[in-house]
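J.: sequence and predicted model, in that order:
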Amino acid sequence: MLETERLILRPWQDADRAPFAAIVGDPHVMRFYPNTRDRAAADAWIDKMIAGLGAGTSAFLAAERKSDGELIGLIGTARIDIPLRGNPPEEIGWVLGSQYWGQGYAPEGARAHIDQAWRRGLPELVAFTAAVNHPSQRVMVKIGMSRDTMGDFLHPRIAENHPLRPHVLYRITNPDNS
Ligand SMILES: CC(C)(COP(=O)(O)OP(=O)(O)OC[C@H]1O[C@@H](n2cnc3c(N)ncnc32)[C@H](O)[C@@H]1OP(=O)(O)O)[C@@H](O)C(=O)NCCC(=O)NCCS
């Protein structure tokens, strides 16, 4: 569990399932993913995050707004399961409901995860997204990540010729290691 000025980042609860399904079922939120998720797929996504937390392979946490207890989305880190330049150990990522955009919540939660990653002794973190996903790349820049243009790649799980297949890679290095 992590806490920031406005957010609690915590493990998933059953009460998160309906609001999470609303977020990842929204075509506008998911416009940089190949598909939206129906309730079953949203539940499966939560189940995977719970399993990852239990196994210690991911920390994609529920992001809850302190002021009203609303689930605003997910923010977290996880081990990487696709080949990336330099074999980085973990990625950082986020998905928020659109009514919560533009208030700096994603950078705020991401910074807490980055601090936690450095406390865990990770040498670096990366983030990746579709080349056309400029809002997410803005978050990466705002939290101090730098684009690694040599790391551009075609996402192996997105169909050939799909417009979301070209991906960009951003990195941030643990300052204790430099
Ligand atoms: C990416 C995302 C998490 C941004 O979170 P956020 O908490 O709104 O972050 P910020 O408030 O710092 O805004 C970041 C950028 O998002 C864009 N943005 C903000 N509000 C927006 C809105 N209402 N509509 C469209 N873009 C918006 C802006 O480019 C902003 O940059 P700026 O601060 O320089 O203007 C959010 O857009 C999101 O969940 N998108 C859908 C899921 C997704 O693509 N996740 C990433 C997959 S890798």
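T.: Arrived safely, thanks for sending.

J.: so which helix or strand takes in the residue nearest in space to the middle of the chain?
T.: Centroid-nearest residue in the chain: Gly93, 1.6 Å away (criterion: C-alpha atoms, centre = their mean). Taking DSSP states H and E as the criterion, the element that holds Gly93 is strand 90-96.

J.: thinking again about what came up before, name the nearest residue to the residue nearest to the centre of the chain, ignoring sequence neighbours.
T.: Among residues not flanking Gly93 along the chain, Ala127 sits closest, at 6.3 Å (C-beta to C-beta, 6 or more residues apart in numbering). For the C-beta atoms, the positions are set from N, CA and C on the backbone; glycine is no exception.

J.: so that neighbour bridges to which residues?
T.: Taking DSSP bridges, one finds Tyr170 as the beta-bridge partners of Ala127.

J.: right, and it touches Glu91 too?
T.: Yes: at 5.9 Å, Ala127 counts as touching Glu91 under the criterion of C-beta atoms under 8 Å.

J.: tell me how many other residues crowd Trp12.
T.: Neighbourhood size, Trp12 [other C-beta atoms under 10 Å]: 19.

J.: could you look up the SS state of it?
T.: When classified by DSSP: H, G, I helix; E, B strand; the rest coil, Trp12 comes out as coil.

J.: who are the contact partners of the residue nearest to the centre of the chain?
T.: Each residue near Gly93 by C-beta atoms under 8 Å, 6 or more residues apart in numbering is listed here: Phe60, Leu74, Ile75, Gly76, Thr77, Ala78, Ala127.

J.: again, but for Thr77
T.: Thr77 neighbours (C-beta under 8 Å, 6+ apart): Ser58, Ala59, Phe60, Glu90, Glu91, Ile92, Gly93, His113, Gln116, Ala117, Leu125.

J.: would you confirm that the first one contacts Leu74?
T.: No: proximity of Ser58 to Leu74 does not meet the contact threshold set by C-beta under 8 Å, at 10.5 Å.

J.: which neighbours do those two share?
T.: Met49.

J.: the contacts of Gly93: which two are farthest apart?
T.: Leu74 and Ala127 (13.7 Å; C-beta to C-beta).
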